[in-house]
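J.: for reference, the sequence and a predicted model appear below.
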Amino acid sequence: MRILLVEDDPGLGAAVRDHMRASGHLADWLTTLADAWAAAGTVGYDLILLDLALPDGAGLGFLARLRGAGQTVPVIILTARDQITDRIAGLNAGADDYLVKPFDLAELGARIGAVSRRHGGNAGPRTVIGGLTVDMAARRITGAQGDIALTQREWVIFEAFLNRPGQVIPKSTLEDQLYSFDAEVESNTIEVYVSRLRKKLGPGVIETQRGLGYRLSAP
Amino acid sequence: MMRWLAFLRPKALRPQTLRWRLALGLALGVLVLGLLVRLAAGRVVAEEMDEVFDSALEQISGRILALVVVELALDGAAASQAQSQLAPQEAYLIYAVRGPDGRILRHTPNADLAPFAQGPVAGFRNDGGYRIYSPGAQPGRYTIEVAEPLDKRREAVEESTRVILASVLLLFPFSVVAMLWFVARALRPVDRLRAEVTARDGHDLRPVTETGLPQELAVIAAEVNQLLARVTRTLEAERAFTTNSAHELRTPIAAALAQTQRLLAEVPPGPLADRAGRVEEALHRLARLSEKLMQLARAEGAGVLMAKAQDMRPVVLAVAEDFRRGGLGARLSVRVPDSGADSRMDPDACAILLRNLIENAARHGAAGQPVVVTLAENGAFWVVNDGPVLPPEVLARLHHRFERGAGTGTGAGAGGGDGAGLGLAIADTIARAAGGELRLHSPARGHLSGFEAEFLPAGCK
């Protein structure tokens, strides 16, 4: 998943970013709402981790503005405010979850997985696609011949499909998923990864919609 | 004796109350004033009566003198008839008529003439128990002296004075009752203000009503409201400080914990990883303890009652959802009423209270067994978990700070070892601050085992 982390504390921000990357996500870490707004408008993020008290404003205002603009990207609030009124206000403003500092990175990972699955319309950790069983929490794909191993980048692309079931995903969105690996994305990179996925998962799992992008076949 | 009398008197009328002092003072004042006025009136009446009696005495003396002169002129039966008509009617009067030579020619029959021994003196005088009048001796003419016993006059004055005093004394009880009624009515705004001020405490700092009060009390109410506003500002500042402190403390702990966890993930197993693990444990303990201390500061320092009641269901559901997502999952079940559960408790204080009860149940309840939260329509709620029955002496100690019980480690409230020992103390502090009560039951009500923490808001105890 491509995740936008908005956190102004350098120690916490760096640790969360590193944890996200180590978990196979692509994390962009920004420290101001202005930068976050610009990034959210240009990159198709799968999830946003949002601190509430930032140097240039309140995270709740950012969230309300995001929802007002029609963005449905899942948002998890990371905050030091533990009062229930803040929590209710955050959830009412459109947050999908609320995590109070200090938190365990493992719990953050679990919350990200749960929110992401709920957002994709599949609350459980397991998804069945054709003859494949996908455990998103464990990042395990099991086919008729047993477990199927994916590289980190292959998983990132496949996860993008899992989080958008039935949707046609433009090539540019899939490219966004790879940019944070700090590697240059060639013009045919996505075609290469889709081809590899089809070889490992089966030819019918990912459909090509000519001129539009790609789509995961109905589970 | 005095104690017995005090027992008989209603509390509102005890001498230390303003009402009693006012009523007693006014009644005694009216009594003394009434007596003085009546005495003055009696004095005036006595003088007026004296004047009337004197005037009558003067007129009678004239008539008697005329009759005596006629009698002396006729010196016959007609005169005797005139005297006999005079004597019975004026029997209490005595008279003496002197001739031009000063000799007594006529007088009241069988009367003691001692009052006239001095001889005629013009005007009125008192002598020998008589009021004596004479127009005075005039050369070559008859002179009369008339005497009236003073007893008659005293009797009349005393009788009128008695009537006046009796009326004052008779009216006194009625005037006391009227005073009490008037004072009670006049002091009604004082009672209202007193009730409002008494209702205010550290958790209810609403302004008192200023409208409808007399000018003197309105000034006091305004001063009280200014004081309440200052106290409210102070408490709000304290609350803001606690909240900001919490924020300032949590973020560095979160950063330290996250960095430590990254370190643990990146270093290979060995002494460095072990050390990082111990740092992580210490940070967890620090996080829990600071969290509880901040909650305790919040519970003791700020208002936990709101001016208006609000539905507690969203609060309970939000807290429960937090625990579910935080790992309690389906183990936690929540029952809330369909019709709402209004309470004047501050939602954040309510959430802290409930969170501590659920944490206690989850930490010390039987592993894997359900934790059930029930919210009642009156704002009361209780948290039940399974586990062995706790001895009463352990149950009684669980309200205390840093008290973790001495149990088996599996029972509710028993020493699980990883708690700060503050959870139930915080819950108890908040419950009491809200005017309510936290009751602990083991076994849980309606069960043979387990533990139940029951919060009863004010008015439900």
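T.: Done, it's in.
J.: secondary structure element for B:Gly340, which one?
T.: In this assignment (DSSP states H and E), B:Gly340 forms part of neither any helix nor any strand.
J.: not counting sequence-adjacent ones, nearest residue to it?
T.: B:Asp311 (4.8 Å; Cβ to Cβ, 6 or more residues apart in numbering or on different chains). Just so you know, the C-beta spots here come from the backbone N, C-alpha and C atoms, and that holds for glycine as well.
J.: just checking, the one you found touches B:Ala341?
T.: Yes. Contact criterion Cβ atoms under 8 Å: B:Asp311 and B:Ala341 qualify, at 6.2 Å.
J.: if you count what's nearby, which of the two comes out ahead?
T.: Per other Cβ atoms under 10 Å in any protein chain shown, whichever of B:Asp311 and B:Ala341 has more neighbours is B:Ala341, with 21 against 17.
J.: B:Leu57 versus the more buried one, what's the distance?
T.: Applying Cβ to Cβ, to the nearest Å, the value for B:Ala341 to B:Leu57 is 96 Å.
J.: do stretch B:363-378 and chain A meet at all?
T.: No. Using Cβ under 8 Å from any Cβ of the partner chain, we find that stretch B:363-378 stays clear of chain A, coming within 14.0 Å at best.
J.: now do the end-to-end distance for that stretch.
T.: Length of stretch B:363-378, first residue to last, Cα to Cα, to the nearest Å: 28 Å.
J.: quick one: the strands in chain A, in order.
T.: Per DSSP state E, chain A carries strands over the ranges A:2-6, A:26-30, A:47-51, A:53-54, A:57-58, A:75-79, A:97-100, A:126-129, A:132-135, A:140-143, A:146-148, A:168-169, A:206-209, A:213-216.
J.: which residue, other than its chain neighbours, is closest to A:Ile148?
T.: A:Ile141 (4.4 Å).
J.: list the contacts for the one you found?
T.: Residues near A:Ile141 by Cβ atoms under 8 Å, 6 or more residues apart in numbering or on different chains: A:Leu132, A:Thr133, A:Val134, A:Asp135, A:Asp147, A:Ile148, A:Leu150, A:Phe158, A:Leu201.
J.: and these, which are buried?
T.: Listed as buried from the contacts of A:Ile141 are A:Leu132, A:Val134, A:Ile148, A:Leu150, A:Phe158, A:Leu201; burial here means 16 or more other Cβ atoms under 10 Å in any protein chain shown.
J.: make CSV out of these and add pLDDT.
T.: Shown next, in CSV, are those (pLDDT from 0 to 100):
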residue, pLDDT
A:Leu132, 84
A:Val134, 84
A:Ile148, 88
A:Leu150, 86
A:Phe158, 87
A:Leu201, 86
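J.: nearest to chain B, out of the contacts of A:Ile141: which one, please.
T.: A:Asp135 (17.6 Å; Cβ to the nearest Cβ).
J.: what bridges to the closest one?
T.: Bridge pairing for A:Asp135 (DSSP bridges) gives the partners A:Arg126, A:Arg140.
J.: that older thread, what's the closest of the strands of chain A to B:Ala240?
T.: Minimum separation from B:Ala240 across these (Cβ to Cβ) falls at strand A:53-54, 13.6 Å.
J.: what residues does the closest one touch?
T.: Residues from elsewhere that reach strand A:53-54, judged by Cβ under 8 Å, 6+ apart: A:Val6, A:Asp8, A:Thr31, A:Thr32, A:Leu33, A:Gly59, A:Phe62, A:Thr79, A:Ala80, A:Arg81, B:His247.
J.: what's the lowest-pLDDT member of those?
T.: Lowest pLDDT within those is found at B:His247 (73).
J.: leaving out the residues flanking it, which one is nearest to that residue?
T.: Using Cβ to Cβ, 6+ apart, the nearest residue to B:His247 is A:Ala80, at 4.2 Å.
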